[in-house]
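Chemist: Provided below for reference: sequence and predicted model.
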Amino acid sequence: MSHISTPFRSVISGCGHYLPDNVITNEELSKTVDTSHQWIVERTGIHQRQFALEGQLTSDLAFEASKRALEKAGVDAKELDLIVVATATPDVTFPSTGTRLQAKLGNITGLAFDVAAVCAGYLLALNVADNFLKLGQSKTALVVGAETLSRLLDMQDRRTCVLFGDGAGAVVLKAVPSDQTDRGVIGIHMQSDGNFHDILYADGGVSSTGTRGKVYMEGREVFRHAVTKLAASAEKTLCDYKIDPEDLDWLIPHQANLRIIEGMAKKLNMSMEKVITTVQHHANTSAASIPLALSHAVEKGQVKEGDLILHEAIGGGLVWGSGLVRF
Ligand code: UT7
(Lines give C-alpha, C1' and ligand atoms only; values in the text may rest on other atoms or scores of the structure.)
Protein backbone atom coordinates (compact mmCIF):
# COMPACT_ATOMS: atom_id res chain seq x y z
CA MET A 1 0.00 0.00 0.00
CA SER A 2 1.46 3.33 -0.94
CA HIS A 3 0.70 6.72 0.54
CA ILE A 4 -3.01 7.53 0.39
CA SER A 5 -3.85 11.21 0.37
CA THR A 6 -6.13 12.13 3.30
CA PRO A 7 -7.63 15.51 4.30
CA PHE A 8 -5.45 15.87 7.40
CA ARG A 9 -2.07 14.86 8.78
CA SER A 10 -1.38 14.06 12.43
CA VAL A 11 1.42 16.38 13.50
CA ILE A 12 3.23 15.88 16.81
CA SER A 13 3.05 19.26 18.50
CA GLY A 14 4.56 18.29 21.85
CA CYS A 15 5.89 15.34 23.79
CA GLY A 16 6.71 14.55 27.40
CA HIS A 17 7.86 11.73 29.61
CA TYR A 18 7.96 10.71 33.23
CA LEU A 19 9.99 8.19 35.20
CA PRO A 20 9.28 7.42 38.85
CA ASP A 21 11.92 8.42 41.42
CA ASN A 22 12.65 4.93 42.68
CA VAL A 23 15.86 3.94 40.82
CA ILE A 24 16.86 0.27 41.02
CA THR A 25 20.42 -0.46 39.92
CA ASN A 26 21.78 -3.73 38.58
CA GLU A 27 23.91 -3.99 41.71
CA GLU A 28 20.81 -3.86 43.89
CA LEU A 29 19.14 -6.65 41.91
CA SER A 30 22.27 -8.79 42.10
CA LYS A 31 21.88 -8.81 45.89
CA THR A 32 18.56 -10.66 45.64
CA VAL A 33 18.87 -12.81 42.48
CA ASP A 34 21.75 -14.70 40.91
CA THR A 35 22.80 -12.05 38.37
CA SER A 36 25.47 -9.39 37.91
CA HIS A 37 25.85 -5.86 36.56
CA GLN A 38 28.23 -7.28 33.96
CA TRP A 39 25.77 -9.91 32.67
CA ILE A 40 22.89 -7.44 32.45
CA VAL A 41 24.95 -4.79 30.65
CA GLU A 42 26.57 -7.25 28.24
CA ARG A 43 23.31 -8.99 27.28
CA THR A 44 20.91 -6.04 27.35
CA GLY A 45 22.71 -2.69 27.75
CA ILE A 46 20.56 -1.94 30.81
CA HIS A 47 22.20 -0.12 33.74
CA GLN A 48 19.16 0.76 35.82
CA ARG A 49 15.36 0.90 35.88
CA GLN A 50 12.77 2.84 37.84
CA PHE A 51 9.93 1.19 39.74
CA ALA A 52 6.74 3.04 40.61
CA LEU A 53 6.34 3.85 44.29
CA GLU A 54 3.73 2.02 46.33
CA GLY A 55 0.34 3.48 45.46
CA GLN A 56 1.63 5.10 42.26
CA LEU A 57 -0.62 3.94 39.44
CA THR A 58 -0.16 3.67 35.69
CA SER A 59 -2.58 6.59 35.27
CA ASP A 60 -0.39 8.67 37.64
CA LEU A 61 2.66 8.10 35.44
CA ALA A 62 0.54 8.77 32.34
CA PHE A 63 -0.75 11.99 33.91
CA GLU A 64 2.76 13.34 34.58
CA ALA A 65 3.96 12.56 31.04
CA SER A 66 0.74 13.98 29.54
CA LYS A 67 0.98 17.23 31.52
CA ARG A 68 4.49 17.78 30.13
CA ALA A 69 3.47 16.93 26.56
CA LEU A 70 0.45 19.27 26.73
CA GLU A 71 2.60 22.06 28.12
CA LYS A 72 5.18 21.64 25.33
CA ALA A 73 2.38 21.62 22.75
CA GLY A 74 0.70 24.66 24.33
CA VAL A 75 -2.55 22.71 24.42
CA ASP A 76 -5.08 22.80 27.27
CA ALA A 77 -6.26 19.33 28.29
CA LYS A 78 -9.84 20.50 27.79
CA GLU A 79 -9.12 20.89 24.05
CA LEU A 80 -8.40 17.17 23.62
CA ASP A 81 -11.08 15.28 21.75
CA LEU A 82 -9.23 11.96 21.82
CA ILE A 83 -7.04 10.20 24.41
CA VAL A 84 -5.53 6.84 23.55
CA VAL A 85 -3.52 5.04 26.22
CA ALA A 86 -1.36 2.02 25.42
CA THR A 87 -0.81 -0.13 28.48
CA ALA A 88 -0.54 -3.75 29.57
CA THR A 89 -0.71 -2.74 33.22
CA PRO A 90 -4.02 -0.88 33.71
CA ASP A 91 -5.00 0.67 37.06
CA VAL A 92 -8.03 -1.64 37.29
CA THR A 93 -9.46 -4.40 35.11
CA PHE A 94 -12.06 -1.94 33.87
CA PRO A 95 -12.77 0.81 32.96
CA SER A 96 -9.81 1.88 30.85
CA THR A 97 -6.76 3.70 32.17
CA GLY A 98 -7.54 6.18 29.39
CA THR A 99 -10.73 7.31 31.10
CA ARG A 100 -8.92 7.53 34.47
CA LEU A 101 -6.32 9.74 32.80
CA GLN A 102 -9.05 11.80 31.13
CA ALA A 103 -10.61 12.53 34.54
CA LYS A 104 -7.22 13.42 36.06
CA LEU A 105 -6.63 15.85 33.18
CA GLY A 106 -10.03 17.49 33.76
CA ASN A 107 -11.32 16.65 30.29
CA ILE A 108 -15.00 15.75 29.98
CA THR A 109 -15.65 16.22 26.27
CA GLY A 110 -13.25 13.87 24.50
CA LEU A 111 -13.22 10.12 23.95
CA ALA A 112 -10.69 8.09 25.94
CA PHE A 113 -9.82 4.41 25.63
CA ASP A 114 -6.95 1.92 25.89
CA VAL A 115 -5.23 -0.26 23.35
CA ALA A 116 -3.44 -3.44 24.37
CA ALA A 117 -0.42 -4.52 22.36
CA VAL A 118 2.12 -4.64 25.19
CA CYS A 119 5.53 -3.43 23.90
CA ALA A 120 4.07 -2.55 20.48
CA GLY A 121 1.28 -0.61 22.20
CA TYR A 122 2.48 2.91 21.52
CA LEU A 123 2.82 2.30 17.79
CA LEU A 124 -0.67 0.81 17.68
CA ALA A 125 -2.09 3.71 19.72
CA LEU A 126 -0.40 6.16 17.35
CA ASN A 127 -1.79 4.21 14.39
CA VAL A 128 -5.34 4.33 15.81
CA ALA A 129 -5.18 8.02 16.75
CA ASP A 130 -3.67 8.89 13.36
CA ASN A 131 -6.64 7.28 11.64
CA PHE A 132 -9.08 9.37 13.72
CA LEU A 133 -7.19 12.57 12.86
CA LYS A 134 -6.49 11.84 9.20
CA LEU A 135 -10.17 11.41 8.47
CA GLY A 136 -11.27 14.47 10.44
CA GLN A 137 -12.93 12.52 13.30
CA SER A 138 -10.60 14.13 15.82
CA LYS A 139 -8.67 17.41 15.85
CA THR A 140 -6.44 17.23 18.92
CA ALA A 141 -5.34 13.92 20.40
CA LEU A 142 -3.17 12.67 23.21
CA VAL A 143 -1.34 9.37 22.69
CA VAL A 144 0.26 7.84 25.77
CA GLY A 145 2.30 4.76 26.55
CA ALA A 146 2.34 4.08 30.30
CA GLU A 147 3.31 1.05 32.33
CA THR A 148 3.86 -0.24 35.84
CA LEU A 149 5.46 -3.46 34.61
CA SER A 150 7.19 -3.93 37.98
CA ARG A 151 3.82 -5.12 39.33
CA LEU A 152 3.95 -8.08 36.95
CA LEU A 153 7.50 -9.17 37.71
CA ASP A 154 8.59 -12.23 39.63
CA MET A 155 11.50 -10.69 41.51
CA GLN A 156 12.99 -14.17 42.00
CA ASP A 157 13.15 -14.85 38.26
CA ARG A 158 16.48 -13.49 37.00
CA ARG A 159 15.46 -14.14 33.37
CA THR A 160 12.81 -11.40 33.52
CA CYS A 161 13.12 -9.24 36.65
CA VAL A 162 16.24 -7.44 35.41
CA LEU A 163 14.69 -6.50 32.06
CA PHE A 164 11.70 -4.28 32.80
CA GLY A 165 10.93 -0.92 34.35
CA ASP A 166 8.09 1.57 34.85
CA GLY A 167 7.48 4.86 33.07
CA ALA A 168 5.34 6.86 30.69
CA GLY A 169 5.67 8.88 27.51
CA ALA A 170 3.10 11.00 25.72
CA VAL A 171 2.64 12.94 22.49
CA VAL A 172 0.03 15.53 21.50
CA LEU A 173 -1.19 15.23 17.91
CA LYS A 174 -2.88 18.00 15.96
CA ALA A 175 -4.79 17.49 12.73
CA VAL A 176 -3.27 19.84 10.14
CA PRO A 177 -4.66 20.09 6.59
CA SER A 178 -2.47 17.91 4.38
CA ASP A 179 -1.83 20.69 1.89
CA GLN A 180 -0.33 22.87 4.64
CA THR A 181 2.39 20.58 5.99
CA ASP A 182 4.71 17.70 5.21
CA ARG A 183 5.14 17.01 8.93
CA GLY A 184 3.26 14.31 10.84
CA VAL A 185 2.64 10.58 10.75
CA ILE A 186 3.50 9.31 7.27
CA GLY A 187 2.45 5.72 7.74
CA ILE A 188 2.42 2.85 10.21
CA HIS A 189 2.37 -0.86 9.46
CA MET A 190 1.28 -3.24 12.24
CA GLN A 191 0.98 -7.02 12.29
CA SER A 192 0.38 -9.82 14.79
CA ASP A 193 0.60 -13.60 15.06
CA GLY A 194 -1.24 -15.08 18.04
CA ASN A 195 0.44 -18.45 17.56
CA PHE A 196 3.39 -17.00 19.48
CA HIS A 197 1.27 -16.19 22.55
CA ASP A 198 3.20 -18.58 24.79
CA ILE A 199 6.69 -17.15 24.28
CA LEU A 200 5.88 -13.86 26.05
CA TYR A 201 2.91 -13.43 28.35
CA ALA A 202 1.70 -12.78 31.89
CA ASP A 203 0.48 -16.10 33.24
CA GLY A 204 -2.71 -14.80 34.88
CA GLY A 205 -5.93 -13.09 33.95
CA VAL A 206 -9.53 -12.34 34.90
CA SER A 207 -11.13 -15.12 32.87
CA SER A 208 -8.41 -17.71 33.40
CA THR A 209 -6.73 -17.76 36.80
CA GLY A 210 -8.46 -14.82 38.46
CA THR A 211 -5.01 -13.44 39.29
CA ARG A 212 -2.83 -10.90 37.53
CA GLY A 213 0.02 -13.36 36.90
CA LYS A 214 3.71 -12.75 36.33
CA VAL A 215 5.75 -12.10 33.20
CA TYR A 216 6.99 -15.22 31.45
CA MET A 217 9.35 -14.92 28.49
CA GLU A 218 11.37 -17.26 26.33
CA GLY A 219 13.98 -14.58 25.80
CA ARG A 220 16.04 -16.25 23.10
CA GLU A 221 12.93 -17.02 21.00
CA VAL A 222 11.58 -13.47 21.36
CA PHE A 223 15.02 -12.13 20.43
CA ARG A 224 15.05 -14.26 17.26
CA HIS A 225 11.59 -13.08 16.20
CA ALA A 226 12.44 -9.48 17.05
CA VAL A 227 15.43 -9.35 14.73
CA THR A 228 13.70 -10.91 11.72
CA LYS A 229 10.19 -9.46 12.11
CA LEU A 230 11.33 -5.91 12.83
CA ALA A 231 13.70 -5.93 9.87
CA ALA A 232 10.96 -7.18 7.54
CA SER A 233 8.46 -4.64 8.88
CA ALA A 234 10.88 -1.73 8.53
CA GLU A 235 11.75 -2.80 5.00
CA LYS A 236 8.06 -2.93 4.06
CA THR A 237 7.25 0.44 5.60
CA LEU A 238 10.23 2.14 3.93
CA CYS A 239 9.35 0.54 0.60
CA ASP A 240 5.60 1.41 0.84
CA TYR A 241 6.36 5.07 1.49
CA LYS A 242 9.34 5.15 -0.88
CA ILE A 243 11.82 6.22 1.78
CA ASP A 244 15.50 5.41 1.41
CA PRO A 245 17.08 4.44 4.78
CA GLU A 246 19.70 7.10 4.01
CA ASP A 247 16.99 9.76 4.20
CA LEU A 248 16.13 8.84 7.79
CA ASP A 249 17.34 11.27 10.43
CA TRP A 250 16.59 8.95 13.34
CA LEU A 251 15.72 5.42 14.31
CA ILE A 252 13.71 5.54 17.55
CA PRO A 253 12.97 1.90 18.32
CA HIS A 254 11.24 0.15 21.20
CA GLN A 255 13.81 -0.01 23.96
CA ALA A 256 14.07 -3.67 25.04
CA ASN A 257 17.64 -4.69 24.39
CA LEU A 258 20.60 -2.72 23.06
CA ARG A 259 21.74 -5.74 21.02
CA ILE A 260 18.40 -5.88 19.15
CA ILE A 261 18.60 -2.12 18.51
CA GLU A 262 22.18 -2.38 17.23
CA GLY A 263 21.16 -5.30 15.00
CA MET A 264 18.35 -3.21 13.50
CA ALA A 265 20.66 -0.24 12.92
CA LYS A 266 23.10 -2.53 11.12
CA LYS A 267 20.34 -3.98 8.92
CA LEU A 268 19.28 -0.45 7.99
CA ASN A 269 22.91 0.56 7.49
CA MET A 270 22.43 3.37 10.02
CA SER A 271 25.21 4.64 12.24
CA MET A 272 24.41 4.36 15.97
CA GLU A 273 24.73 8.16 16.08
CA LYS A 274 21.36 8.29 14.36
CA VAL A 275 19.76 5.86 16.80
CA ILE A 276 18.11 7.00 20.02
CA THR A 277 18.84 4.59 22.86
CA THR A 278 17.52 5.13 26.37
CA VAL A 279 17.14 1.50 27.47
CA GLN A 280 20.34 1.94 29.52
CA HIS A 281 18.55 4.35 31.86
CA HIS A 282 15.08 2.82 32.27
CA ALA A 283 15.17 -0.80 30.95
CA ASN A 284 12.18 -2.08 28.97
CA THR A 285 9.17 0.10 29.81
CA SER A 286 6.96 -1.69 27.27
CA ALA A 287 4.43 0.69 25.65
CA ALA A 288 6.11 3.71 27.24
CA SER A 289 9.52 3.16 25.70
CA ILE A 290 9.16 4.84 22.28
CA PRO A 291 7.47 8.07 23.43
CA LEU A 292 9.91 8.16 26.37
CA ALA A 293 12.90 7.90 24.03
CA LEU A 294 11.40 10.48 21.64
CA SER A 295 10.69 12.97 24.41
CA HIS A 296 14.16 12.45 25.89
CA ALA A 297 15.78 13.05 22.48
CA VAL A 298 13.72 16.20 21.85
CA GLU A 299 14.63 17.51 25.30
CA LYS A 300 18.33 16.91 24.58
CA GLY A 301 18.03 18.84 21.31
CA GLN A 302 18.76 15.76 19.18
CA VAL A 303 15.42 15.38 17.38
CA LYS A 304 14.27 18.61 15.72
CA GLU A 305 11.21 19.78 13.84
CA GLY A 306 11.17 18.34 10.33
CA ASP A 307 13.36 15.31 11.17
CA LEU A 308 12.33 12.02 9.60
CA ILE A 309 11.97 9.25 12.19
CA LEU A 310 11.53 5.50 11.84
CA HIS A 311 9.91 3.75 14.82
CA GLU A 312 9.72 0.00 15.30
CA ALA A 313 8.49 -2.27 18.09
CA ILE A 314 7.64 -5.87 18.93
CA GLY A 315 5.96 -7.34 21.97
CA GLY A 316 3.72 -10.01 23.44
CA GLY A 317 1.12 -11.42 21.08
CA LEU A 318 3.32 -11.36 19.15
CA VAL A 319 2.44 -7.91 17.82
CA TRP A 320 4.95 -5.90 15.85
CA GLY A 321 5.27 -3.03 13.44
CA SER A 322 7.05 0.05 12.25
CA GLY A 323 6.12 3.60 11.37
CA LEU A 324 7.43 6.77 9.77
CA VAL A 325 6.93 10.19 11.32
CA ARG A 326 8.18 13.56 10.17
CA PHE A 327 8.56 15.31 13.52
O1 UT7 B 1 9.87 -6.00 24.75
C2 UT7 B 1 9.36 -7.17 24.25
C3 UT7 B 1 10.38 -7.83 23.47
N4 UT7 B 1 11.37 -8.42 24.34
C5 UT7 B 1 12.57 -8.55 23.90
O6 UT7 B 1 12.85 -8.08 22.82
C7 UT7 B 1 13.55 -9.35 24.70
C8 UT7 B 1 14.24 -10.31 23.80
N9 UT7 B 1 15.22 -11.17 24.45
C10 UT7 B 1 16.34 -10.68 25.01
O11 UT7 B 1 16.54 -9.49 25.10
C12 UT7 B 1 17.39 -11.68 25.46
O13 UT7 B 1 17.06 -12.94 24.98
C14 UT7 B 1 17.56 -11.74 27.00
C15 UT7 B 1 18.23 -10.47 27.49
C16 UT7 B 1 16.22 -11.94 27.67
C17 UT7 B 1 18.46 -12.91 27.37
O18 UT7 B 1 19.74 -12.80 26.72
P19 UT7 B 1 20.36 -14.06 25.95
O20 UT7 B 1 21.66 -13.65 25.46
O21 UT7 B 1 19.32 -14.47 24.91
O22 UT7 B 1 20.52 -15.10 27.09
P23 UT7 B 1 19.88 -16.55 27.23
O24 UT7 B 1 18.42 -16.47 27.52
O25 UT7 B 1 20.32 -17.37 26.07
O26 UT7 B 1 20.59 -17.06 28.53
C27 UT7 B 1 22.02 -17.27 28.58
C28 UT7 B 1 22.40 -17.72 29.97
C29 UT7 B 1 21.52 -18.84 30.51
O30 UT7 B 1 22.34 -19.70 31.26
P31 UT7 B 1 22.80 -21.11 30.63
O32 UT7 B 1 21.53 -21.84 30.31
O33 UT7 B 1 23.58 -20.74 29.40
O34 UT7 B 1 23.62 -21.69 31.74
C35 UT7 B 1 20.59 -18.13 31.46
O36 UT7 B 1 20.11 -18.95 32.49
O37 UT7 B 1 22.25 -16.62 30.88
C38 UT7 B 1 21.47 -17.03 31.99
N39 UT7 B 1 20.75 -15.90 32.49
C40 UT7 B 1 21.28 -15.01 33.37
N41 UT7 B 1 22.47 -14.97 33.97
C42 UT7 B 1 22.70 -13.94 34.80
C43 UT7 B 1 19.49 -15.48 32.17
N44 UT7 B 1 19.19 -14.35 32.84
C45 UT7 B 1 20.27 -14.04 33.58
C46 UT7 B 1 20.58 -13.00 34.47
N47 UT7 B 1 21.78 -12.98 35.05
N48 UT7 B 1 19.72 -12.00 34.74
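Modeler: Structure's in. What do you need?

Chemist: how many neighbours does residue 20 have?
Modeler: 21 (other C-beta atoms under 10 Å). (Glycine included, C-beta is placed from N, CA and C.)

Chemist: Double-check that it belongs to a strand.
Modeler: No. The assignment for residue 20 (DSSP: H, G, I helix; E, B strand; the rest coil) gives coil, which keeps it out of a strand.

Chemist: Report the contact partners of it.
Modeler: Residue 20 makes contact with 50, 51, 52, 53, 56, 61, 166, 167, according to C-beta atoms under 8 Å, 6 or more residues apart in numbering.

Chemist: mind redoing it with 7 Å?
Modeler: Contacts for residue 20 (C-beta atoms under 7 Å, 6 or more residues apart in numbering) come out as 50, 51, 52, 53, 56, 61, 166.

Chemist: Quick check: which ranges of this structure have low pLDDT?
Modeler: Flagging of the chain using pLDDT under 70 yields the residue ranges 1-4.

Chemist: which parts of it sit against the ligand?
Modeler: 35, 39-40, 43-44, 119, 158-159, 162-163, 219-220, 222-223, 226, 256-257, 260, 284, 314-315 (C-beta under 6 Å from any ligand atom).

Chemist: Residue 196: what secondary structure?
Modeler: helix.

Chemist: Please report the separation between the first and final residues of stretch 244-261.
Modeler: In terms of C-alpha to C-alpha, to the nearest Å, the two terminal residues of stretch 244-261 are separated by 19 Å.

Chemist: Identify the residue of the protein closest to the ligand, quick one.
Modeler: Nearest residue of the chain to the ligand: residue 219, at 2.7 Å (C-beta to the nearest ligand atom).

Chemist: Would you check that that residue makes contact with residue 159?
Modeler: Yes. Counting by C-beta atoms under 7 Å, residue 159 is a contact partner of residue 219 at 6.1 Å.

Chemist: Report the buried residues of stretch 127-137.
Modeler: 127, 128, 129, 130, 132, 133, 134 (16 or more other C-beta atoms under 10 Å).

Chemist: The third one contacts residue 81, correct?
Modeler: No. Taking contact to mean C-beta under 7 Å, the distance of 10.7 Å between residue 129 and residue 81 leaves them out of contact.

Chemist: which of the contacts of residue 20 are buried?
Modeler: Among those, those classed as buried by 16+ other C-beta under 10 Å are 50, 51, 52, 56, 61, 166.

Chemist: just to revisit the earlier point, in helices only, show me the buried residues of stretch 127-137.
Modeler: 127, 128, 129, 130, 132, 133, 134 (DSSP state H).

Chemist: Can you tell me which of those is closest to residue 239?
Modeler: residue 127 (18.0 Å; C-beta to C-beta).

Chemist: ok, and the closest non-adjacent residue to that closest one?
Modeler: residue 188 (4.2 Å; C-beta to C-beta, 6 or more residues apart in numbering).

Chemist: swap in residue 26?
Modeler: Using C-beta to C-beta, 6+ apart and skipping residues adjacent in sequence, the residue nearest residue 26 is residue 37, 4.0 Å away.

Chemist: on that earlier part again, now the contacts of residue 20 in TSV, with secondary structure and distance to residue 69?
Modeler: Below are the contacts of residue 20 laid out as TSV (DSSP: H, G, I helix; E, B strand; the rest coil; distance: C-beta to C-beta, whole Å):
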residue	secondary structure	distance to residue 69
50	strand	19
51	strand	23
52	coil	19
53	coil	22
56	coil	19
61	helix	13
166	strand	18
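
Chemist: Now render those residues as CSV, adding distance to residue 275.
Modeler: CSV is the format used below for those (distance: C-beta to C-beta, whole Å):
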residue, distance to residue 275
50, 22
51, 26
52, 28
53, 31
56, 30
61, 25
166, 23
